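1. Sequence and predicted structure, then a few things I'm wondering about:
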Amino acid sequence: MTAVDRRRFLSTLGSAGALLASGSWLEALGYAQTGERRARALIQQARAAPFDRRLLGSFLEHLGRAIYTGVYEPGSPLADANGFRTDVTREVRDLGVPITRYPGGNFVSGYNWLDGVGPKPQRPSVLERAWNSIETNQFGTNEFIDWCRVAGTEPLLGMNFGTGSSEMAVAYVEYCNVDRGTKWSDLRRSHGYEQPHGVRYWCLGNEMDGPWQIGQFQARDYGRKARDVARQMRVVDRGLQLIACGSSGTGMSTYLTWDREVLEECYGEVDGISLHAYYGNTPSTSGNSPARCLAMNLDMDRQIREVAAVCDYVQALRRSRKVVWLSFDEWNVWYRARSGAAVNGQRQAAPKLLEEVYNLEDALLVGGFINTLLRHADRVRVGCLAQLVNVIAPLVTNATGVLRQSTYYPYAWALRYARGRVLDLRVESETYAITAAGLQPDFARDDQVPFIDVVATLDPQDGHACALMLNRDLDGERELVLEWRDVTPTRVIACETLTGADLKAFNTFEQPRRVVPQRLDAPAPGARMTFKLPPRSYTVAHLAISR
């Protein structure tokens, strides 16, 4: 919005009794406080550029049952000739997952990609040291590329920056992307893949600042290696998009300092920098408060703004015209299966690790994260829900089928309906207080949280709009008025909500429909639409529009 438009908007809010959250960072997100229960969103204009669908990607790591018995299970009655689970492939294809990160994660820092290519009888079983598991290497790069093509998703490959050399990192690109006539491209061809894979997106290692990571680096050492590898990679293929390792999380003592020092070394050679974050309703991060838990997507908002500010600072230092974008390539709710047997494979193949059981509360929070990512689509180009199957995942398999966990539904709505451009919203909402007392430093703050969180998208190509609406009020229905200025909804195609009386309810194979969407009565289409959002709910409205 122009400065004049913004002043006019705030003046309008003032005349309606709204009070701007003075000095609050929420103002930068387009939110202002009001004393009224009814919230209002002014939908003024589309952003200048469409958002990248890769923002809604996912992640598959050689961890637990994500690969083996997840996407790959030869011998299963549900497997195809390649060993791919057809029920999982169908779910992923129907979701329309745009990009999938692979093979890790912590796993990649000890992974030799050569172990996972070539004739399967000759591939070694190795002790995988990140998760203390046995890796059979029966599923590797070429199987992943084949699976991506069947599932309709784009590959995002990660490189071993832990035990791996720069030479083998660059050889990996040559193996995947060079047509013929070189050592590594001819090796791929000998493995039965005459055409290059054409992988465009690459992660330059994983969480290399973490003391848990195989081959942990100091920031400048990592930045120099990333710069060198990136330069060599671009000799092999000029069309790559390269993602440097950012801080592993806001709780790191080197958070933001790591990002700055890394970018000062390799800003000119990389395209994006990664962000990772996991959340949950715990004593140290939320005080076990559902109300604080459902505000955690605002912590993600803040992390995105902080890392973007560091990128802009280094850009200014370098006098560079290039803008480094963000890759939020690990995010999810994860807090139950984080210790003991849940993270130790005990030298078994495909052990049950990180198998989080998701409830309604988790699903609402995932909806909030999707809103946050869409809200920052002007800067976040890639996003990966971690992970896709069995391991902290929306989909879970057993021998006979696949289960949709509660978190499947907000993710599916965004993939199905959020397209085109993210619209510019100015929202007024009543707020509730959160406090810093007793929480770990990166979550500790006294602040006001809007009861309503909303984003909207518009696809000019098919004439459809989408509104995704989170009601954080645990006890009461909230009305949200959507005021459309530049376009007008003419038909409600679909309106569903995810809600329930029990925030702790979850789905099982025996009871797969305890937490599923319900039809919600929608208002008549028009320039002003008032939605009645149930308490504890995440709601989608899919609309046809006219200009």
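-> Looks like it arrived, so ask away.
2. As a check, name the ranges of all strands in the stretch 151-300 of the chain.
-> Using DSSP state E, counting those that start in this stretch, the strands of the stretch 151-300 of the chain run over residues 154-158, 201-203, 241-244, 272-279.
3. which one of these lies closest to Val366?
-> Using CB to CB as the measure, strand 272-279 is the one of those that comes nearest Val366, at 9.4 Å. In this view, the C-beta of every residue, glycine as well, is placed from N, C-alpha and C.
4. want to throw the strands of the stretch 151-300 of the chain into JSON lines with mean neighbour count, mean pLDDT and distance to Arg421?
-> Putting those into JSON lines (neighbours: other CB atoms under 10 Å; pLDDT from 0 to 100; distance: least, CB to CB, whole Å) gives the following:
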{"stretch": "strand 154-158", "mean neighbour count": "23", "mean pLDDT": "98", "distance to Arg421": "21"}
{"stretch": "strand 201-203", "mean neighbour count": "24", "mean pLDDT": "98", "distance to Arg421": "22"}
{"stretch": "strand 241-244", "mean neighbour count": "23", "mean pLDDT": "98", "distance to Arg421": "21"}
{"stretch": "strand 272-279", "mean neighbour count": "23", "mean pLDDT": "98", "distance to Arg421": "21"}
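5. Take the ones you listed and lay them out in JSON lines including distance to Arg381.
-> Shown next, in JSON lines, are the strands of the stretch 151-300 of the chain (distance: least, CB to CB, whole Å):
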{"stretch": "strand 154-158", "distance to Arg381": "11"}
{"stretch": "strand 201-203", "distance to Arg381": "10"}
{"stretch": "strand 241-244", "distance to Arg381": "8"}
{"stretch": "strand 272-279", "distance to Arg381": "6"}
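6. Give the next helix or strand downstream of the longest helix along the chain.
-> Selection of the longest helix in the chain by residue count, based on DSSP state H, yields helix 296-318. Next in sequence after helix 296-318, counting helices and strands by DSSP states H and E, comes strand 325-333.
7. Please save the CA atoms from the helix or strand just after that following strand in CSV.
-> Next helix or strand after strand 325-333 toward the C-terminus (DSSP H and E): helix 360-375. Extracted C-alpha coordinates of helix 360-375, given in CSV (Å, rounded to 0.1, in the frame of the first residue of the first chain):
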residue,chain,number,x,y,z
LEU,A,360,-6.6,-31.2,16.5
GLU,A,361,-4.5,-28.6,18.3
ASP,A,362,-1.5,-29.6,16.1
ALA,A,363,-3.6,-29.3,13.0
LEU,A,364,-4.7,-25.8,13.9
LEU,A,365,-1.1,-24.8,14.5
VAL,A,366,-0.1,-26.2,11.2
GLY,A,367,-2.8,-24.1,9.6
GLY,A,368,-1.3,-21.0,11.3
PHE,A,369,2.2,-21.9,9.9
ILE,A,370,0.7,-22.1,6.4
ASN,A,371,-0.8,-18.7,6.9
THR,A,372,2.6,-17.3,7.9
LEU,A,373,4.4,-18.8,5.0
LEU,A,374,1.9,-17.4,2.5
ARG,A,375,2.0,-14.0,4.3
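8. ok, and what's touching the very next helix or strand once past helix 360-375?
-> Going down the chain from helix 360-375, the next helix or strand is strand 380-385, by DSSP H and E. The contact list for strand 380-385, computed with CB atoms under 8 Å, 6 or more residues apart in numbering, reads 52, 54-59, 99-101, 156, 201, 243, 272, 304, 325-332, 366, 373, 394, 411.
9. Okay, now the sheet partners of strand 380-385, with direction.
-> Its sheet considered, strand 380-385 pairs with strand 57-59 (parallel), strand 325-333 (parallel) by DSSP bridges.
10. Relative to Tyr31, which of those strands is closest?
-> strand 325-333 (20.7 Å).
11. So what's the gap between that closest one and the chain middle?
-> 5 Å (CA atoms, centre = their mean, to the nearest Å).
12. pLDDT at the residue nearest to Pro351 when sequence neighbours are not counted, what is it?
-> With sequence-adjacent residues excluded and distances taken as CB to CB, 6 or more residues apart in numbering, Pro351 is closest to Gly345, at 4.2 Å. For Gly345, the model assigns a pLDDT of 97.
13. In terms of secondary structure, what does the longest helix of the chain contact?
-> Secondary-structure packing of helix 296-318 (3 or more CB pairs under 8 Å, 6 or more residues apart in numbering; DSSP states H and E): helix 257-266, strand 272-279, strand 325-333, helix 360-375.
14. Return stretch 384-393 as CSV; C-alpha atoms alone will do.
-> Extracted in CSV, the C-alpha atoms of stretch 384-393 (Å, rounded to 0.1, in the frame of the first residue of the first chain):
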residue,chain,number,x,y,z
CYS,A,384,9.1,-28.0,3.3
LEU,A,385,6.7,-29.5,5.8
ALA,A,386,8.9,-32.0,7.6
GLN,A,387,8.1,-34.7,6.8
LEU,A,388,5.8,-36.4,4.4
VAL,A,389,5.2,-40.0,5.5
ASN,A,390,5.4,-41.8,8.9
VAL,A,391,8.1,-39.5,10.4
ILE,A,392,6.5,-36.4,11.9
ALA,A,393,4.1,-36.6,9.0
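15. Right, I'll leave it there.
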